[in-house]
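Asks: Provided below for reference: sequence and predicted model.
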Amino acid sequence: MTNERVIIALDFSTKKDALRIVDELDDLISFYKVGLELFLSEGMEILKILKKKGKKIFLDLKFHDIPNTVQRAVKASLNYGVDMLTLHTTGGFEMMKRAKEILEETKTKNDAQLKLLGVTILTSLDNKSLEEIYGVSFESSKIVKNLALLSKRAGLDGVVASAYEISAIKKDCGNDFIIVTPGIRLEKLPHDDQKRTVTPKEAFLLGADYIVIGRAITSSKTPKEVLLRMFK
C-alpha cells in the first residue's frame, strides 16, 4: 500500500481543525479531500492554503443540476487548482458530457492534472435505501455498473464507487478508468452511517486506485500512529 493512493477526508467545519491534521500527517499524506462542510465554512481560502503546502486536492462537491449550471460550476472550479472534482452521475449523460467538454475547452497547462469523477451510489445507501427512494426494487451493483459505463461514455476520467463494484467497473470500463473508493474503515464502527464498507487492504486488493478515509484517522487522538499502522 502506498500513501500516494490514500486521500484523507478533511471533514471539519474550520480550517484550524483541518490544518491540524494536515500538519500532523505532513510527511505521510499528500492528498486531501475537501467536502461541502469545509468548503462552505472556509471557501477558497482552505484550497489556497493546501496548495501552498504542496498538497493535492480532491474537491468533493458532487455537482448535480441541469447541464448548463454544472458546466459553469466546473468551469469556475478551474480557478481553484484542484486535482479531482466530483459530480453526480445521476444528473445524466448530457450533464456529464457538457462538464467534460467545458473542462477540455478551458483548462490550462496548470489544470492538466484535473480528473473529473462521477459519483455513482453513495456508500451510505444499500438496496433497501434505494427502494425507499425510488419505490421499486434495485440491485445497487447493477446500477453502479450502468452509471460507470455512462460516465465512461460521457468522457469522465473515473468514478467514486464502493469497493464491492470495483471488479465489474474495471472489467467494463478498463483498468485506466479511475476508481476512488470511500467507505473505508479500519474496523466496523457501531452506529456507522456507511453501509458498504471495507478495510484499506481489502479495497486495494479489489482494485481501487485511491481510497478515501476520514474519521478512522482524523478522530483519533494519535492519527499519525493509526496511519502508520495501516501502512504496515
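Replies: Nice, I can see it.
Asks: what element comes up after the lowest-mean-pLDDT helix or strand in the chain heading to the C-terminus?
Replies: Taking mean pLDDT, DSSP states H and E as the measure, helix 127-134 is the helix or strand of the chain with the lowest mean score, a mean of 72. Later in the chain than helix 127-134, the nearest helix or strand by DSSP states H and E is helix 140-154.
Asks: State which strand of the chain is the longest.
Replies: Ranked by number of residues, the top strand in the chain under DSSP state E is strand 56-63.
Asks: what's the helix or strand containing Ile8 packed up against?
Replies: Following DSSP H and E, one finds Ile8 within strand 6-9. Applying 3 or more CB pairs under 8 Å, 6 or more residues apart in numbering; DSSP states H and E, we find strand 6-9 packed against strand 31-35, strand 210-213, helix 215-218. C-beta coordinates here come from the backbone N, C-alpha and C atoms, glycine included.
Asks: What residues does Ala99 make contact with?
Replies: The contact partners of Ala99, taken as CB atoms under 8 Å, 6 or more residues apart in numbering, are Phe63, Pro67, Val70, Gln71, Val74, Leu87, Leu116, Ala154, Leu156.
Asks: now swap in His88 and tell me
Replies: Contacts of His88 (CB under 8 Å, 6+ apart): Lys62, Phe63, His64, Gly118, Val119.
Asks: For those residues, give me CSV that also has pLDDT and neighbour count.
Replies: Shown next, in CSV, are these (pLDDT from 0 to 100; neighbours: other CB atoms under 10 Å):
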residue, pLDDT, neighbour count
Lys62, 96, 17
Phe63, 97, 21
His64, 96, 17
Gly118, 97, 27
Val119, 94, 22
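Asks: picking up where we left off before, on contacts alone, who are the packing partners of whichever helix or strand comes after the strand holding Ile8?
Replies: From strand 6-9 onward toward the C-terminus, using DSSP H and E, the following helix or strand is helix 15-24. In terms of contacts (3+ CB pairs under 8 Å, 6+ apart), helix 15-24 is packed against helix 36-42, helix 44-52, helix 223-231.
Asks: Helix 15-24: how far from the chain's middle?
Replies: 19 Å (CA atoms, centre = their mean, to the nearest Å).
Asks: mean confidence score for it?
Replies: For helix 15-24, mean pLDDT rounds to 96.
Asks: Next, the contact list for the nearest residue to Glu37 once chain neighbours are set aside, please.
Replies: Distances taken as CB to CB, 6 or more residues apart in numbering put Ser13 closest to Glu37, at 5.5 Å, once the chain neighbours are dropped. Shown in contact with Ser13 (CB under 8 Å, 6+ apart): Glu37, Leu38, Ser41.
Asks: The first one - how many residues pack around it?
Replies: When neighbours are defined as other CB atoms under 10 Å, Glu37 has 14 of them.
Asks: next one: the last one
Replies: In terms of burial, Ser41 registers 15 neighbours under the definition other CB under 10 Å.
Asks: mind listing what Thr120 touches?
Replies: Contacts of Thr120 (CB under 8 Å, 6+ apart): Thr89, Ile143, Val144, Leu147, Ala148, Ser151, Val159, Val160, Ala161, Ser162, Glu165.
Asks: surely the fifth one meets Asp157?
Replies: In this case it means Ala148. No: Ala148 lies out of contact with Asp157 (CB atoms under 8 Å); the separation is 11.8 Å.
Asks: Common neighbours of the two, please.
Replies: Taking CB under 8 Å, 6+ apart as the criterion, Ala148 and Asp157 both touch Phe177.
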